[in-house]
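In: pasting the structure only:
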């Protein structure tokens, strides 16, 4: 019996900076178990599906109080120290709906790897609300050690001055 369990816990960072811009992210933890039903075909020795996606509306992000300025949203993850994140697993995020605002988003419409060191997710101008996000976990295989894996995803917004 396959007993791999993956748990992606999402904690969202609200970042009022000097200009009081805010990023609000709301959503539920993405929790799922991988078992025999996730084999590509029934029977012993079959590989697991390697990629899993959350709902297309797993998280909603609002960027507000930016006073018609350009801004960038960065994303990074912080792994649970007690259960190290397996090297083969890649957690990615993309937006599935740009939400409401006056200027389109730049970047982030295709999956962006979420690294511990962080990186640019997408950028925009002026206030934008209702941005919908989806997560993807890839690299799952029978060689992934069974266990529960937790990580925290942090989003930050900064003005591009």
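Out: Sure thing, it's come through. Here the structure is a predicted model, which is why all the values come from computation and not from measurement. Residues are numbered from 1 along each chain as shown.

In: which parts of stretch 114-122 are buried?
Out: Using 16 or more other Cβ atoms under 10 Å as the test for burial, stretch 114-122 gives 114, 121, 122. Backbone N, C-alpha and C define where each C-beta goes, glycine included.

In: show me the beta-bridge partners of the residue nearest to the spatial centre of the chain.
Out: For the chain, residue 93 is the residue whose C-alpha lies nearest the centre (Cα atoms, centre = their mean; 4.1 Å). Residue 93 has these beta-bridge partners by DSSP bridges: residue 112, residue 135.

In: let me see the contact set for it.
Out: 75, 108, 111, 112, 114, 121, 133, 134, 135, 136, 153 (Cβ atoms under 8 Å, 6 or more residues apart in numbering).

In: ok, so of the residues you listed, who is nearest residue 36?
Out: residue 136 (22.1 Å; Cβ to Cβ).

In: in stretch 139-153, which residues are buried?
Out: Applying 16+ other Cβ under 10 Å to stretch 139-153 flags 140, 144, 149, 150, 151, 153 as buried.

In: swap that for stretch 57-70, sorry
Out: 58, 59, 60, 61, 62, 63, 64, 66.

In: what do you get for stretch 86-104?
Out: For stretch 86-104, by 16+ other Cβ under 10 Å, it's 86, 89, 90, 91, 92, 93, 94, 95, 98, 99, 101.

In: hmm, back to that, just the buried residues of stretch 114-122 now: which is nearest residue 50?
Out: Residue 50 lies nearest to residue 114 out of the buried residues of stretch 114-122, by Cβ to Cβ, at 17.3 Å.
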